[in-house]
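Enquirer: Fold the stuff below for me.
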Amino acid sequence: MDERKKRRYEKVLQKTEEEYLQEIAILKNRDDFFGEYEYFLQLLASPFSAQKLQARVNKQLAGIFCIQAPFELFDAFDLHPVKLCGGSHTVQRLAASYLPVLMCPMLKSFMGNFDLQQESFADYKAVVLPTTCDWVVKLPEIMRQEADNIHYLELPHLKETEKSQNRWLEEIFCLKQLLEQITGQKLKTKKLQDSINKVMNVWVILDELTKLKRRGQLSGVWYTAITNTFMLDKLEIWTEHVTKIIEKLQQQKIQENDNRVFVAGSPVIFPNLKLLQLIEQAGIKVAADDICSSERIMPGGIIYNDTSEYGMLRAIAERYHKACVCPTFADNSRRVNNIIATAKEFNIKGVIFNLLKGCHPYDIEAITIERKLKEHGLKFIKIETDYGKEDSQNILTRLEAFKQTL
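Expert: Numbers count the residues shown, from 1 in each chain. Below you'll find the predicted structure:
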């Protein structure tokens, strides 16, 4: 690296670290901060580094770009899966010069941090890309990464047909074969069963955390900050600290709030908590969401009766496919029905749709969601934004006006 480029990287690194620490300071200065949150803030306090995470968990990493890739399968091969994404606005400048202006900010940020940390896909035992959006599909080409460990999970865009379900099951078996090849291990049914049970325990704990958010005992900002740390530590240590949060919050008073909303749309990745913070600033309470970096990080419990390898892999495939409500699917009425059902059950009056610029699947889906939700009497507002803070005042003004309609 020449001296000029080195100075540029050092400057971006400094500014990026400042961005993270500023957001940590904002969280620490909240009225609802208490000591049990400190663990999660430590995990969030600096830009992601594959090398540091590998040292922390003492396992080789599997980089994944979507929650469609089953955590249980990686864990059964003693790999630590981690979702590769980025929430920093500052670090994007390293990649901005050679990327489309309207490229997904989450991936643009990931690429900038990838460059900043001087990492490559070869630093991971496997890199798995479910074909959920065009940006993800073209990512290795854009990044000029040609590592042998890159694997595509070809996602069928229909869920209810037998053909697509069999196709997805085949993809899960292909992933298993890849992991056997790169690790030199054969999949052991006992280890797979243990991994399923381990992840099931995480789902149960997250369900308890979600109930606290529904009752107003946990803010949407804290919920998202906690779920953003999923996979940034050993699973058993992480769940232990989440349990401490739950025990602490269960002692808190249930707060009533008439201005309860459901947040849908694009992922929310730390340190970009801008929209959630503005929602609170406008006097609105986030009671629920279906964000894939928040409530939707877990597909739910995997139910199986057949403990053979085939039986458990089939159960995993069904859960990760049928339960997913990603906008990439053609038959996605379940997503709208889930929002409507949750809104009725928890007295939610409106939906705030978070749309990152360049996030085409969610942009297309917003049209249908808005129409169907309004048919059921729910208020709807779409906030199109990126990682910059320049539009914060405009968004706040719109949210304050939206509050009046609730």
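Enquirer: What is the neighbour count of the closest residue to Phe34 other than its chain neighbours?
Expert: Nearest non-adjacent residue to Phe34, counting by CB to CB, 6 or more residues apart in numbering: Lys248, 6.4 Å away. Heads up, the C-betas are built off the backbone N, CA and C, glycines and all. If you count neighbours by other CB atoms under 10 Å, Lys248 ends up with 16.
Enquirer: just Ile150 next, same as before
Expert: Ile150: 17 neighbours (other CB under 10 Å).
Enquirer: now it, nearest residue through space, not along the chain?
Expert: Per CB to CB, 6+ apart, closest to Ile150 is Val127, 5.0 Å.
Enquirer: Show me what the one helix or strand the one you found maps to is packed against.
Expert: Per DSSP states H and E: Val127 is located in strand 126-130. If you count contacts as 3 or more CB pairs under 8 Å, 6 or more residues apart in numbering; DSSP states H and E, strand 126-130 packs onto strand 60-64, helix 134-143, strand 150-153, helix 162-183.
Enquirer: Specify the stretch among these that is closest to Arg7.
Expert: helix 134-143 (23.5 Å; CB to CB).
Enquirer: Excluding chain neighbours, give the residue nearest to Ile26 in space.
Expert: Ile26's closest residue in space is Gln277 (CB to CB, 6+ apart), at 7.5 Å.
Enquirer: Surely that neighbour touches Val221?
Expert: Yes - at 6.1 Å, Gln277 counts as touching Val221 under the criterion of CB atoms under 8 Å.
Enquirer: mind listing what's buried in the helix or strand of the chain with the lowest mean pLDDT?
Expert: When each helix and strand of the chain is scored by mean pLDDT, DSSP states H and E, helix 93-96 comes last, with a mean of 84. Buried residues in helix 93-96, counting neighbours by 16 or more other CB atoms under 10 Å, are found at 93-95.
Enquirer: Reformat those as JSON lines; add distance to Pro271.
Expert: Putting those into JSON lines (distance: CB to CB, whole Å) gives the following:
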{"residue": "Arg93", "distance to Pro271": "15"}
{"residue": "Leu94", "distance to Pro271": "16"}
{"residue": "Ala95", "distance to Pro271": "17"}
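Enquirer: Enumerate every residue touching Lys176.
Expert: By CB atoms under 8 Å, 6 or more residues apart in numbering, the contact set of Lys176 is 73, 187, 313.
Enquirer: ok, those residues vs Leu356, which is closest?
Expert: Of the contacts of Lys176, the one sitting nearest to Leu356 (CB to CB) turns out to be Leu73, at 28.6 Å.
Enquirer: Next, count neighbours for the closest one.
Expert: Residues near Leu73, counting by other CB under 10 Å: 25.
Enquirer: tell me the contacts of it?
Expert: With CB under 8 Å, 6+ apart, Leu73 has these contacts: 172, 175-176, 179, 192, 195, 313, 316.
Enquirer: so which strand or helix has it?
Expert: Using DSSP H and E, the element containing Leu73 is helix 71-76.
Enquirer: Now the element after that helix, going C-ward?
Expert: strand 79-83.
Enquirer: Helix 162-183 and that following strand, what's the angle between them?
Expert: Put simply, strand 79-83 runs at 120 degrees to helix 162-183, going by axes from the mean of the first three to the mean of the last three CA atoms, to 10 degrees.
Enquirer: quick one: pLDDT of the closest residue in space to Lys186 that isn't next to it in sequence?
Expert: What sits nearest to Lys186 in space, not counting adjacent residues and going by CB to CB, 6+ apart, is Glu180, at 5.9 Å. Note for Glu180: predicted pLDDT of 97.
Enquirer: What of Val204?
Expert: 94.
Enquirer: Quick one: residues contacting the nearest residue to it once chain neighbours are set aside.
Expert: Using CB to CB, 6+ apart and skipping residues adjacent in sequence, the residue nearest Val204 is Gly301, 7.5 Å away. Contact analysis of Gly301 by CB under 8 Å, 6+ apart lists 200, 203-204, 319.
Enquirer: can you rerun that using 10 Å?
Expert: 196-197, 199-204, 207, 319, 323 (CB atoms under 10 Å, 6 or more residues apart in numbering).
Enquirer: by contact count, what packs against the strand or helix carrying Asp207?
Expert: Secondary structure from DSSP H and E places Asp207 in helix 189-214. Applying 3 or more CB pairs under 10 Å, 6 or more residues apart in numbering; DSSP states H and E, we find helix 189-214 packed against helix 71-76, helix 220-227, helix 235-249, strand 285-289, helix 309-322.
Enquirer: Now do that helix against helix 162-183, angle only.
Expert: Using the same axes, to 10 degrees: helix 189-214 against helix 162-183 is 120 degrees.
Enquirer: Now helix 189-214: buried residues?
Expert: Buried residues in helix 189-214, counted by 16+ other CB under 10 Å: 192-193, 195-196, 198-200, 202, 205-206, 209-210, 212-214.
Enquirer: between that helix and helix 220-227, how many degrees?
Expert: 170 degrees.
Enquirer: what is the orientation angle of helix 189-214 with strand 285-289?
Expert: Using the same axes, to 10 degrees: helix 189-214 against strand 285-289 is 150 degrees.
Enquirer: How far does helix 189-214 sit from its chain's centre?
Expert: The gap between where helix 189-214 is centred and where its chain is centred comes out at 16 Å by CA atoms, centre = their mean, to the nearest Å.
Enquirer: and if you look at stretch 301-309?
Expert: Worked out by CA atoms, centre = their mean, stretch 301-309 lies 26 Å from the chain centre.
Enquirer: same question, stretch 305-314
Expert: Centre to centre, stretch against its chain (CA atoms, centre = their mean), the figure for stretch 305-314 is 27 Å.
Enquirer: buried residues in that stretch?
Expert: Those would be 309, 312-314, for stretch 305-314 by 16+ other CB under 10 Å.
Enquirer: For Lys382, list each beta-bridge partner.
Expert: Taking DSSP bridges as the rule, Lys382 bridges to Phe353.
Enquirer: thought it was touching Ile369?
Expert: Yes - contact status for Lys382 versus Ile369: in contact at 9.0 Å, counting by CB atoms under 10 Å.
Enquirer: Name the residues contacting each of those two.
Expert: With CB under 10 Å, 6+ apart as the test, Lys382 and Ile369 both reach 264-265, 351, 353, 362.
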